[in-house]
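Undergrad: here is a sequence together with a model predicted from it:
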Protein chains: 2
Amino acid sequence: MTSVSTIDEGAAHATTVAAKRSERGRPRSGVSERPDLSAAEQILDAAARLFAEKGYAATSTRSIAELVGIRQASLYYHFSSKEQMLRTLLLRTVEPSLRVAERLSAEPGDTAARLYALILFDTRQLFEAPHNVGALYYLPETRGGQFDDFRHKRDRLRAAYAGLVAESIEPALASQLVPVADRLAELVFATVESVIALRADRQSDDTDADATAVVIGEGCLRMLGHSAGLDVLAHRGELLLDRIDVPEQSGAGHSGTTTATVSPART
Amino acid sequence: MTSVSTIDEGAAHATTVAAKRSERGRPRSGVSERPDLSAAEQILDAAARLFAEKGYAATSTRSIAELVGIRQASLYYHFSSKEQMLRTLLLRTVEPSLRVAERLSAEPGDTAARLYALILFDTRQLFEAPHNVGALYYLPETRGGQFDDFRHKRDRLRAAYAGLVAESIEPALASQLVPVADRLAELVFATVESVIALRADRQSDDTDADATAVVIGEGCLRMLGHSAGLDVLAHRGELLLDRIDVPEQSGAGHSGTTTATVSPART
């Protein structure tokens, strides 16, 4: 299994700096949709919303600043560009899950239970990411070099899945040709990310992330040949997830204490 | 199960008309990427490619005309707008599968085998759609009223899946709460459409649509609780698909005899 190394520690510091700076510049000219958030977080939330509603290309930094109720110059105090906002939003959809994958790899116990724990965490956070940010994965714009760090981390997450899947396939299925295992790993990853499509189709702020996560987690285990004792396996996975020190679920978007790289544009 | 009614017969005629008209206007100023296609089909292929590579918003009808090697005015002879091209491309990703779902509903035999047949057909055609057109499902632009017919047909396809899934769940699973069945139906549909993400991630013109389709089809049946006798079930599904008069697989993009609504812009 590909190893999942520790994510930069510098991010936490940068976030604190951004949070402190966000106190400046008030009072603002408009009325924010999310007065509970820091300025940097309000900007990200507004950007996510406009990207999802109008499209990335059609969203200007001016329109983001207007939605937050700040001047465009204030926006550039926190983010150097629209790309930087998108990169931050995308990173937040993979970094917490990468961290969980890393911690799970150090845990003892059944690999299938660890896979289940990862699926549970990952589907929940994709479900809770603001404004279904994952839908932006498919934008041609995110294939540019400025999104290499996101693509790289998502590749590492996929590799973590592949390692867990390879060891979780039931012997009866595993006896089939090796290429099937690769395809199954790919399919489990895609099935987890299909939460993005489910959210888009429901077109509502559905809050039943937990129920959906369980159906996807158990569905993936059945895909890998598990049937008898699935309840026990799933229960063990949930206990595992409770036991490890999971980063805040809200890392997907709404907390000032997240791990994502909200760094000031000018340092 | 929601009924799947017959798709407009007028489309075939419109296609023939468009194909005939496409012979006019030559010689063209540029060199087409797909000289084997009719003019209308070349325009669609170029549009799909540019939408996928540059994004929908960033693609102008002028750049599409340039890629085909025709004047912009000639393009408007076949399509009234960029929206009409996108609508045509999107419709082609669902119409053939809707037709197959309809024909399968008239076939006798195991519901699970029919579900497998539908998954096999649908995944293959999503895999073969030009330039991974399905990735455009997630564009905010496709939520506009001009795409209602596409959304409506995709909803009907989802309903056809839901009907087959409801009757295909193994009794042991079916004894669980009813909401799980609904979520499983939703998940099977999303898993089939995850072919779009698989294609995007492989970033290659992968031609192993068949192998991927089988892994997805069998994976979905296992998700629904089938394990013993899966081979037999899958084999029956393939026979079913062979037996019904399946519309051309290339209906997803590359044939002049497709069923999609390529209608002239001006009639």
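TA: That came through fine. Numbers count the residues shown, from 1 in each chain, chains lettered A, B, ... in the order given.
Undergrad: what does the stretch 151-267 of chain A put close to chain B?
TA: A:158, A:179-180, A:183-184, A:186-187, A:190-191, A:193-198, A:200-201, A:211-212, A:215-216, A:219-220, A:222-225, A:227 (Cβ under 8 Å from any Cβ of the partner chain). For the C-beta atoms, the positions are set from N, CA and C on the backbone; glycine is no exception.
Undergrad: among these, which ones are buried?
TA: A:158, A:180, A:183-184, A:186-187, A:190-191, A:193-198, A:200-201, A:212, A:215-216, A:219-220, A:222-225, A:227 (16 or more other Cβ atoms under 10 Å in any protein chain shown).
Undergrad: mind listing which of those are in helices?
TA: A:158, A:180, A:183-184, A:186-187, A:190-191, A:193, A:195-198, A:200-201, A:212, A:215-216, A:219-220, A:222-223 (DSSP state H).
Undergrad: near chain B, which residues of the stretch 1-150 of chain A show up?
TA: A:52-58, A:135, A:137-141.
Undergrad: pull the most distant pair out of those residues.
TA: The two members of those with the most space between them (Cβ to Cβ) are A:53 and A:140, at 18.8 Å.
Undergrad: which of the two has more neighbours?
TA: residue A:140 (19 against 12; other Cβ atoms under 10 Å in any protein chain shown).
Undergrad: next, count neighbours for residue A:181.
TA: The burial count for residue A:181: 19, using other Cβ under 10 Å.
Undergrad: returning to that earlier point: dump the residues of the stretch 1-150 of chain A next to chain B to TSV, plus secondary structure and pLDDT.
TA: Output for these, formatted as TSV (DSSP: H, G, I helix; E, B strand; the rest coil; pLDDT from 0 to 100):
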residue	secondary structure	pLDDT
A:52	helix	90
A:53	helix	89
A:54	helix	89
A:55	coil	88
A:56	coil	91
A:57	coil	89
A:58	coil	89
A:135	helix	89
A:137	helix	87
A:138	helix	84
A:139	coil	85
A:140	helix	85
A:141	helix	84
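Undergrad: would you mind measuring the gap between the ends of stretch A:189-209?
TA: One end of stretch A:189-209 sits 17 Å from the other (Cα to Cα, to the nearest Å).
Undergrad: show me the shaky parts of the stretch 1-150 of chain A.
TA: Flagging of the stretch 1-150 of chain A using pLDDT under 70 yields the residue ranges A:1-34.
Undergrad: list the contacts for the closest residue to chain B within it?
TA: Closest approach between the stretch 1-150 of chain A and chain B, counting by Cβ to the nearest Cβ: residue A:57, at 3.9 Å. Counting by Cβ atoms under 8 Å, 6 or more residues apart in numbering or on different chains, residue A:57 touches A:141, B:55, B:57-58.
Undergrad: how about 10 Å then?
TA: A:51, A:82, A:139-141, B:54-59, B:141 (Cβ atoms under 10 Å, 6 or more residues apart in numbering or on different chains).
Undergrad: pick the one among those residues closest to residue A:241.
TA: Distances from residue A:241 to the contacts of residue A:57, taken by Cβ to Cβ, are shortest for residue A:51, at 29.9 Å.
Undergrad: that older thread, what subset of the contacts of residue A:57 is buried?
TA: Here, 16+ other Cβ under 10 Å leaves A:51, A:82, A:139-141, B:55-59, B:141 buried among the contacts of residue A:57.
Undergrad: just put these in JSON lines and tack on distance to residue A:106.
TA: Listed next are those as JSON lines, based on distance: Cβ to Cβ, whole Å:
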{"residue": "A:51", "distance to residue A:106": "36"}
{"residue": "A:82", "distance to residue A:106": "38"}
{"residue": "A:139", "distance to residue A:106": "35"}
{"residue": "A:140", "distance to residue A:106": "38"}
{"residue": "A:141", "distance to residue A:106": "36"}
{"residue": "B:55", "distance to residue A:106": "41"}
{"residue": "B:56", "distance to residue A:106": "44"}
{"residue": "B:57", "distance to residue A:106": "44"}
{"residue": "B:58", "distance to residue A:106": "44"}
{"residue": "B:59", "distance to residue A:106": "47"}
{"residue": "B:141", "distance to residue A:106": "45"}
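Undergrad: I'd like the distance between residue A:222 and residue B:218.
TA: Residue A:222 sits 11 Å away from residue B:218, going by Cβ to Cβ, to the nearest Å.
Undergrad: can you pull the buried residues of the helix or strand where residue A:51 lies?
TA: Here residue A:51, judged by DSSP states H and E, is contained in helix A:39-54. Neighbour counts over helix A:39-54 (16+ other Cβ under 10 Å) mark A:39-52 as buried.
Undergrad: contacts only, for the residue positioned nearest the centre of chain A.
TA: What sits nearest the mean C-alpha location of chain A, by Cα atoms, centre = their mean, is residue A:93, with 1.7 Å. The contact partners of residue A:93, by Cβ under 10 Å, 6+ apart, come to A:122, A:125-126, A:129-130, A:132-134, A:136-137, A:150, A:153-154, A:157, A:193, A:196, A:251-253, A:260.
Undergrad: out of the residues you listed, which sit inside helices?
TA: Using DSSP H, the contacts of residue A:93 in helices are A:122, A:125-126, A:150, A:153-154, A:157, A:193, A:196.
Undergrad: for the residues you listed, work out which two are farthest apart.
TA: Across the ones in helices among the contacts of residue A:93 (Cβ to Cβ), the longest gap, 16.7 Å, separates A:153 and A:196.
Undergrad: domains for chain A, by residue range?
TA: A:4-83, A:90-243 (automatic domain parsing).
Undergrad: most packed of these?
TA: Ranked by mean neighbour count under mean count of other Cβ atoms under 10 Å in any protein chain shown, the domains of chain A are led by domain A:90-243, which reaches a mean of 20.
Undergrad: correct me, but residue A:60 touches residue A:51?
TA: No: assessed by Cβ atoms under 10 Å, residue A:60 is found out of contact with residue A:51, at 11.4 Å.
Undergrad: residues contacting residue A:114?
TA: Counted by Cβ under 10 Å, 6+ apart, residue A:114 has contacts A:100-101, A:103-105, A:107-108, A:160, A:163-164, A:167-168, A:236-237, A:240-241, A:244.
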